[in-house]
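Participant: The following block contains a protein sequence and its predicted model.
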Amino acid sequence: MRGTWLRDYARGARRLPRNVRTLTLASFLTDTSTEMLIHLLPLYLANVLGVRTAIVGVIEGVAEMTSSLLKVASGRISDRVRRRKGLVVTGYALSTFAKPFFALANSWQAILWTRFVERVGKGIRTSPRDALIADSTPVKDRGLAFGFHRAGDTFGAALGILLAIGLVFWLQGSQTELSGHTFRWIVWVSVLPAAAAVVALALGIKEAQPSREGDAAGTPPTRPLRALGKPFYLFLGVILLFTLGNSSDAFLVLRAQERGMSLPGVLGLLLLYNLVYATSSGPAGQLSDRVGRKGVILVSWAMYASAYLLLAFASAGWHLLIAFAIYGLFSALFEGSAKAYVADLTPADSRGTAYGVYNAAIGVAALPASVLAGILWQGVGGWTGFGPSAPFLVGGLLAVLAAILLLRVPSGQTTAEAESR
């Protein structure tokens, strides 16, 4: 039975359109670049620049909020002009342009500005990219397409972390703390795959007419936010609650180091996370096509709560190994299924706007989530906080509350329903 399931997945992946495959390649290359350095950034801030976790939370929160707010505008623009490619290529190019400045930054303020510009690029590209994937793919393969894209993205992340491990061993051995010299070297190497991604996009993707199989048709509405509908906004409210407890992954990195893991050991945990995420994303997306998005999301949040509880009480290295592996399963089940659910709940002609609003909501919640996590951990001013377990306990509790509320959100259109139309 397992062999049949894998063959079905492989056949489904082969029939995905060229746009999906090219966007997946670009995400693979970009995440190879990004993951080489992004998980080292909180260690550079803490180990080299000596900043507190509250500042790390501010930097990560501002970066994600900036990116997500821009996703509303870029998504709406792509709906209005009926063009996605230009925004996608521009966004990837801007992020690539920003990366060398990480190597030149010698203060947390400079890191903040560089991260800001790099996330502006992500904000410009993400909603049009997601809409282009949905436009290019029949509704019966939508979960598969998003899962396939996430798998490529995450395999790139795994490769980036593997390259970072090799460079860290070469440049500083098995030291626990990151050196500035090592970080700058890795930044410069990371620029190469990012530039290759921009070239692949410029040459490989084309505009696509929205796939209307099973979707509402029509011209872009004059009131696009209202057109998204009540079920979409109910789902968005639940996502906001969950995201308030889902602080930046920088805190996972800091927690692993706080538990005594060496720098290569921390990167090894991230590699494990990304390998689990990558190998599970495609099948998880296909599963959501068959059994429904909501059930898959509920299971993912149960895994998230379990991983965060393990991180809160971890006292040995194997606890961290299990927690990072479960966290990878959460990401695989959640990311693609949630994005496919957004497409299921909204009209085709408002899809870019829908992804913009969805991503913006996550980004707006990311700032207080990350700042809260930093304050819970180390406090602010003279207050020393509740300790490193606190952010993970709060995150796990909010995931459980969000799962309960999700039960009241209407299910999106199923594949069977789409095929019956």
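Facilitator: Great, that's in hand.
Participant: Quick one: neighbours of G356, just the number.
Facilitator: By other C-beta atoms under 10 Å, the residues close to G356 number 30. Bear in mind the C-beta positions are built from the backbone N, C-alpha and C, glycine included.
Participant: Now do it, the pLDDT please.
Facilitator: pLDDT for G356: 77.
Participant: G218 now?
Facilitator: We have a pLDDT of 49 for G218.
Participant: Equivalent analysis for the one 5 residues further on, please.
Facilitator: At R223 the predicted local distance difference test score is 59.
Participant: What of G328?
Facilitator: 93.
Participant: Was I right to think it contacts L269?
Facilitator: No - between G328 and L269 there is no contact under C-beta atoms under 8 Å: 10.1 Å.
Participant: Could you give me the buried positions within stretch 165-178?
Facilitator: Neighbour counts over stretch 165-178 (16 or more other C-beta atoms under 10 Å) mark 165, 167-168, 171-172, 178 as buried.
Participant: Could you dump these into a markdown table and include secondary structure?
Facilitator: Compiled in a markdown table, these are given as follows (DSSP: H, G, I helix; E, B strand; the rest coil):
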| residue | secondary structure |
| --- | --- |
| I165 | helix |
| L167 | helix |
| V168 | helix |
| L171 | helix |
| Q172 | helix |
| L178 | coil |
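Participant: Closest one of the residues you listed to A46?
Facilitator: Using C-beta to C-beta, L178 is the member of these that sits closest to A46, with 8.5 Å.
Participant: any chance of the buried residues of stretch 165-178 in a markdown table, plus pLDDT?
Facilitator: Listed next are the buried residues of stretch 165-178 as a markdown table, based on pLDDT from 0 to 100:
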| residue | pLDDT |
| --- | --- |
| I165 | 87 |
| L167 | 92 |
| V168 | 89 |
| L171 | 89 |
| Q172 | 86 |
| L178 | 86 |
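Participant: now the residues you listed as TSV including distance to N106?
Facilitator: Putting the buried residues of stretch 165-178 into TSV (distance: C-beta to C-beta, whole Å) gives the following:
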residue	distance to N106
I165	25
L167	20
V168	20
L171	18
Q172	19
L178	15
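Participant: which one of these is nearest P193?
Facilitator: Comparing those against P193 with C-beta to C-beta places L167 closest, at 13.6 Å.
Participant: Surely that closest one touches F183?
Facilitator: No - look at L167 against F183 with C-beta under 8 Å: they stay out of range, at 9.9 Å.
Participant: Can you tell me which residue sits nearest the middle of this structure?
Facilitator: E335 (7.1 Å; C-alpha atoms, centre = their mean).
Participant: For the nearest residue to it once chain neighbours are set aside, give its distance to W377.
Facilitator: What sits nearest to E335 in space, not counting adjacent residues and going by C-beta to C-beta, 6 or more residues apart in numbering, is R150, at 5.1 Å. From R150 across to W377, the span is 29 Å (C-beta to C-beta, to the nearest Å).
Participant: Tell me if I'm right that T96 and V198 touch.
Facilitator: Yes - with contact defined as C-beta under 8 Å, T96 counts as touching V198 (5.7 Å).
Participant: Phi and psi next, for I205.
Facilitator: Per-residue torsions, I205: phi -100, psi 150 (degrees, to the nearest 10).
Participant: low-scoring stretches of the chain, by residue?
Facilitator: 1-13, 209-225, 227, 411-421 (pLDDT under 70).
Participant: related to what we said a few turns ago, quick check: the residue nearest to the centre of the chain touching S281?
Facilitator: Yes - using C-beta under 8 Å, E335 makes contact with S281 at a distance of 7.1 Å.
Participant: What is the burial count for V191?
Facilitator: Close neighbours of V191, defined as other C-beta under 10 Å, add up to 18.
Participant: That one - nearest residue in space that isn't next to it in sequence?
Facilitator: In this structure, V191 finds its nearest non-sequential neighbour in K99, 5.4 Å apart by C-beta to C-beta, 6+ apart.
Participant: Distance of the one you found relative to V48?
Facilitator: 18 Å.
Participant: Give me the more crowded residue out of those two.
Facilitator: Shown here are K99 and V48; by other C-beta under 10 Å, K99 has more neighbours (23 against 17).
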